[in-house]
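Engineer: I would like the atomic coordinates for the input below:
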Amino acid sequence: MNYPIYLDYNATTPCAAEVIEAMIPWFGAHFGNAASKSHAYGWVAENAVEEAREQIANLIGAQPKEIIFTSGATEGINLAIKGVFDLFPGEKQHYITCQTEHKAVLDALQSLEERGIEVTYLPVDKEGNISIEELRASILPHTKMICLMWANNETGVIHPVEEISKLAEERNLIFFSDAVQAAGKIPLTLQGIHLMAISAHKFYGPKGVGALFIRHNHTLPKPIAQIHGGGHEKGFRSGTLNVPGIVGMGRAAVLRKSEMKIESQRLQELRDLLEMRLLAISDTRLNGGKHRLTHVSNIAFGGVEGEELLKKVCQKIAVSSGSACTSISPKPSHVLQAMGLATDLGRASIRFSLGRNTTEKDVLDAAEWVEEVVKDLR
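Structural biologist: Purely as a prediction, here's the structure:
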């Protein structure tokens, strides 16, 4: 198939060749169940899982025992949020999040609102930033958790995680962060973070595997399991482990740790080149401020119809109008709406996200095609 230029790395990344190579033996030669404790097939699989656990812990600065494997970030997010809710049956509960969070967080919290919790949805400014003062003022006597992502999946805007974590520590609150777009892209520090979700397929690992960081040796309580049946993963997540996927996630973590800094600089240069070309088109604007991931650009194109714009651009470039999870929805992005963007302009915004395989030629060809499409549509 003649695929278009791929600039949708925030939706998913291709498995690195080294990751695929590392996974293959675990589908065949080493097919054992990691929970089989009585023979060598199980022992070998378990050893591979524990090695991967350590590799992932090293990427994010955690201890291996703080890594719980899941099927992906959505499961990790639900375990974190709903697992904390279950800790306080019958109690008045309040949670703080942001209007621009991923739908997995917003939908999980909405499901709990139907069961009686209160939720504060912090607003953002026109660049997608929250106010720490507003966050501080939102804390109530019965606040249980702060749920704020590390980096936004649509704009790349990075939240002030260090300040948020300090505030959470001061108030002895559980701080959960969706770090799906940040892990493997920027250095992470876990000081003050109690729970954190990541996903392998966002940093060149396989789909269908992720991890939830759960802080060990802390007075704050750990979430209650949402999946039962065997007590796997220290009782937090029952189910036969996806050994090939976990091995792949571990290998991807090693790769990202070694190449993250240099790759981030390379992608920033390419991203800046793309922005320079696209923002030179009349009636365009950047959605998001300066403090954002180096590989992401979200650009609004005035004077065109959004659906037609995306359809035409995607003939030669694989991009999206926002989160892959909401790409089937005709509604404008909730992230851009929260940033104050008009509905028509929100629909006519495109997220470009670059990655490991992106070249300067890709960027220049993409910019040329977008210029042509916008000119034709206008």
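Engineer: low-confidence ranges in the chain?
Structural biologist: Scanning the chain for pLDDT under 70 picks out 322-330.
Engineer: how does it look with 90?
Structural biologist: 1-2, 289-290, 321-332, 378 (pLDDT under 90).
Engineer: show me where it has strands.
Structural biologist: Taking DSSP state E to define them, one finds strands in the chain at 5-6, 67-70, 94-98, 118-122, 143-147, 174-178, 195-199, 210-214, 284-286, 296-301, 317-318, 349-353.
Engineer: just give the nearest non-adjacent residue to P206, would you?
Structural biologist: Nearest residue to P206, sequence neighbours excluded (C-beta to C-beta, 6 or more residues apart in numbering): G248, at 4.4 Å. (C-beta placed from N, C-alpha, C; glycine too.)
Engineer: and the gap between the most centrally placed residue in the chain and N172?
Structural biologist: Central residue of the chain (C-alpha atoms, centre = their mean): V180, 2.3 Å from the mean position. V180 sits 26 Å away from N172, going by C-beta to C-beta, to the nearest Å.
Engineer: on that earlier part again, any chance of the strands of the chain in TSV, with distance to P25 too?
Structural biologist: Output for the strands of the chain, formatted as TSV (distance: least, C-beta to C-beta, whole Å):
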stretch	distance to P25
strand 5-6	28
strand 67-70	19
strand 94-98	42
strand 118-122	46
strand 143-147	38
strand 174-178	32
strand 195-199	23
strand 210-214	22
strand 284-286	45
strand 296-301	35
strand 317-318	31
strand 349-353	32
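Engineer: winner for burial among those?
Structural biologist: strand 195-199 (a mean of 29; mean count of other C-beta atoms under 10 Å).
Engineer: what about H159, how many residues nearby?
Structural biologist: 24 (other C-beta atoms under 10 Å).
Engineer: my guess is it meets I146, correct?
Structural biologist: No. Checked against C-beta atoms under 8 Å, the pair H159 and I146 is beyond contact range at 10.6 Å.
Engineer: quick one: the helices in the stretch 51-200 of the chain, in order.
Structural biologist: Here the stretch 51-200 of the chain has its helices, by DSSP state H, counting those that start in this stretch, at 73-85, 103-113, 132-138, 161-170.
Engineer: out of those, which gets nearest to A367?
Structural biologist: Across those, A367 has its closest neighbour in helix 103-113 (29.8 Å, C-beta to C-beta).
Engineer: and that closest one, C-alpha only, in PDB?
Structural biologist: Below are the C-alpha coordinates for helix 103-113, written out as PDB (Å, rounded to 0.1, in the frame of the first residue of the first chain):
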ATOM      1  CA  LYS A 103     -11.300  11.500  27.500                       C
ATOM      2  CA  ALA A 104     -10.200   8.500  29.400                       C
ATOM      3  CA  VAL A 105      -9.900  10.700  32.500                       C
ATOM      4  CA  LEU A 106     -12.900  12.800  31.900                       C
ATOM      5  CA  ASP A 107     -15.200   9.900  31.100                       C
ATOM      6  CA  ALA A 108     -13.900   7.900  34.200                       C
ATOM      7  CA  LEU A 109     -14.700  10.900  36.400                       C
ATOM      8  CA  GLN A 110     -18.100  11.500  34.800                       C
ATOM      9  CA  SER A 111     -19.000   7.900  35.500                       C
ATOM     10  CA  LEU A 112     -18.200   8.500  39.200                       C
ATOM     11  CA  GLU A 113     -20.100  11.800  39.200                       C
END
